[in-house]
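K.L.:
give me the fold of what follows.
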Amino acid sequence: MSTDSAVAEQKRKGLRVAFAVSIGFVLAVYWGAFVPFLGPLFAAQFLLGSSRPMPLGKTLGVALVILVAGMAMMVLTSSLGNRPVPFLLLLGLTYFLCFALQTSGKGGPAVFLVLVVAIIVPLLGILNDELANSILSILVGGVLSGTLLMWLAHAIFPEPVVLDGGAAPSFDQPPALSRALANTVILLASVVICLTSDNLTAAAVIPITVASLLGQLDVAASTRAAVGLIMVNLFGGVLASLAYAILTLRPNLFWIFLIVLVVALFLGGRAAARTKEAPMFAGALTIFLILFGLGVSPLPGSAAESFATRIVYIAVALTYTLLLATILWPRRPHLKRINS
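P.N.:
Below is the predicted model of the structure:
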């Protein structure tokens, strides 16, 4: 693929992400969604995963997998939520399977979305009784809206038919089970900490940040890259703080749309590039959507924490993940360079 065509593809993909995220976010706020970032987050993952819209069969398959995962997490939480040992073992097994698929290069964006579901459903189900019975409807709304936004974005910003060979290659490699196990320990420990702290805002921010960063750490081939990784993700939290401060001056749907559109163009455009740094900007966009979404959400207790506190949560999650990954990940040549 030539440089010009690659840049054009990046622009189209970035426009799709910005359009889907901003429209989806405004509609979710307008309809009073408890978790307004869920649909836009799903849409962004679908769109960043490929320059082509997913075929209908694959789209239905991914949506079904996410819904089945959500229902399974609901059953697990309701039946074993008061029995910590089997509950955490089964939750850890779910995380392990997802990370094993990630390390083998399989599953695409669906794996990260299942991870998000496996984090949100148990945490909301245990920490907030009011939302325990509505988790499935929240999840269904997020999946459906994310899927519709993906198709709408592709309809408005279509990919030229001539680019028929632009599909990203699939990497068929054996899963790194030792690294998947280390990732499971890191994520599960953060979930346990959030469950015991009984802080809904921290529970919505920290584990998803940890899961997102664990998928980005392959780019951290040196100390400088690792620091850059933290700074880019933290930048997403700072942007959310600034965006919310601007919104307090103009608290209406138009300004929500404008703010999210500008940020999504900036972060989503860079996340759409075919570079090693793209996952970092995708992670920063995820953090922005979560924090800004919590700021405008009617979720009980979502306004209890200041944005400064939420950014501290992000910084803690980033530092925690990087330190534990350095300690627990099996030593490989590219990981040894982190300490160089």
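K.L.:
I'd guessed R310 sits against V205; true?
P.N.:
Yes: with contacts defined as C-beta atoms under 8 Å, R310 counts as touching V205 at a distance of 6.0 Å. Just so you know, the C-beta spots here come from the backbone N, C-alpha and C atoms, and that holds for glycine as well.
K.L.:
check the contact lists of those two and give me the overlap.
P.N.:
Shared contacts of R310 and V205, defined by C-beta atoms under 8 Å, 6 or more residues apart in numbering, comprise L291, L294.
K.L.:
quick one: L152 and A20 touch, right?
P.N.:
Yes: taking C-beta under 8 Å as the contact criterion, L152 and A20 are neighbours in contact, 7.0 Å apart.
K.L.:
who has more neighbours out of those two?
P.N.:
When L152 and A20 are compared on other C-beta atoms under 10 Å, the one with more neighbours turns out to be A20, at 30 against 17.
K.L.:
now that one: which helix or strand?
P.N.:
Element membership for A20, per DSSP states H and E: helix 3-30.
K.L.:
gap between that helix and the chain center?
P.N.:
Between the centre of helix 3-30 and the centre of its chain there are 16 Å (C-alpha atoms, centre = their mean, to the nearest Å).
K.L.:
does anything pack onto it? Which helices or strands?
P.N.:
In this structure, helix 3-30 packs against helix 38-49, helix 135-156, helix 253-271, helix 278-296, with contacts taken as 3 or more C-beta pairs under 8 Å, 6 or more residues apart in numbering; DSSP states H and E.
K.L.:
what about P330, which SS state?
P.N.:
Under the three-state scheme (DSSP: H, G, I helix; E, B strand; the rest coil), the conformation of P330 reads as coil.
K.L.:
from V263, how far off is the spatially most central residue of the chain?
P.N.:
Nearest to the geometric centre of the chain sits T286, at 4.8 Å (C-alpha atoms, centre = their mean). Distance, T286 to V263, by C-beta to C-beta, to the nearest Å: 12 Å.
K.L.:
flag the helix or strand of this protein with the lowest per-element mean pLDDT.
P.N.:
Taking mean pLDDT, DSSP states H and E as the measure, the helix or strand of the chain with the lowest value is helix 333-336, at a mean of 45.
K.L.:
what's near enough to touch A203?
P.N.:
L123, L124, L127, C194, L195, S197.
K.L.:
quick one: what helix or strand has the nearest residue to the fourth one once chain neighbours are set aside in it?
P.N.:
Once flanking residues are discounted, C194 sits nearest to A203: 4.0 Å by C-beta to C-beta, 6 or more residues apart in numbering. With the criterion set as DSSP H and E, the secondary-structure element containing A203 is helix 200-214.
K.L.:
any idea how far the very next helix or strand once past that helix is from the middle of the chain?
P.N.:
Following the chain from helix 200-214 toward its C-terminal end, the next helix or strand by DSSP H and E is helix 223-249. Helix 223-249 has its average C-alpha position 15 Å from the chain's average C-alpha position, going by C-alpha atoms, centre = their mean.
K.L.:
which secondary structure elements does helix 223-249 contact?
P.N.:
Helix 223-249 is packed against helix 200-214, helix 253-271, helix 278-296, helix 307-328, with contacts defined by 3+ C-beta pairs under 8 Å, 6+ apart.
K.L.:
which strands or helices does the second one pack on?
P.N.:
I take that to be helix 253-271. Packing contacts for helix 253-271, counted by 3+ C-beta pairs under 8 Å, 6+ apart, involve helix 3-30, helix 38-49, helix 223-249, helix 278-296.
K.L.:
how about a cut-off of 7 Å?
P.N.:
Helix 253-271 makes packing contacts with helix 3-30, helix 223-249, helix 278-296 when contacts are defined by 3 or more C-beta pairs under 7 Å, 6 or more residues apart in numbering; DSSP states H and E.
K.L.:
any chance of the helices and strands packed on helix 3-30 in JSON lines, plus distance to I327?
P.N.:
As requested, these are exported to JSON lines (distance: least, C-beta to C-beta, whole Å):
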{"stretch": "helix 38-49", "distance to I327": "29"}
{"stretch": "helix 135-156", "distance to I327": "34"}
{"stretch": "helix 253-271", "distance to I327": "28"}
{"stretch": "helix 278-296", "distance to I327": "21"}
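K.L.:
mind putting these into CSV with mean pLDDT?
P.N.:
Putting these into CSV (pLDDT from 0 to 100) gives the following:
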stretch, mean pLDDT
helix 38-49, 88
helix 135-156, 87
helix 253-271, 93
helix 278-296, 88
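K.L.:
those helices: which one's closest to L101?
P.N.:
Of all those, the one in closest proximity to L101, counting by C-beta to C-beta, is helix 38-49 (13.7 Å).
K.L.:
name the nearest residue to T321, ignoring sequence neighbours.
P.N.:
Closest residue to T321 in three dimensions, ignoring its sequence neighbours and counting by C-beta to C-beta, 6+ apart: L213, at 4.5 Å.
K.L.:
from L38, how far out is the one you found?
P.N.:
As for L213, its distance to L38 is 19 Å (criterion: C-beta to C-beta).
K.L.:
ok, of the helices and strands packed on helix 253-271, where does mean pLDDT dip lowest?
P.N.:
Taking each of the helices and strands packed on helix 253-271 in turn, the one with the lowest mean pLDDT is helix 223-249, at a mean of 84.
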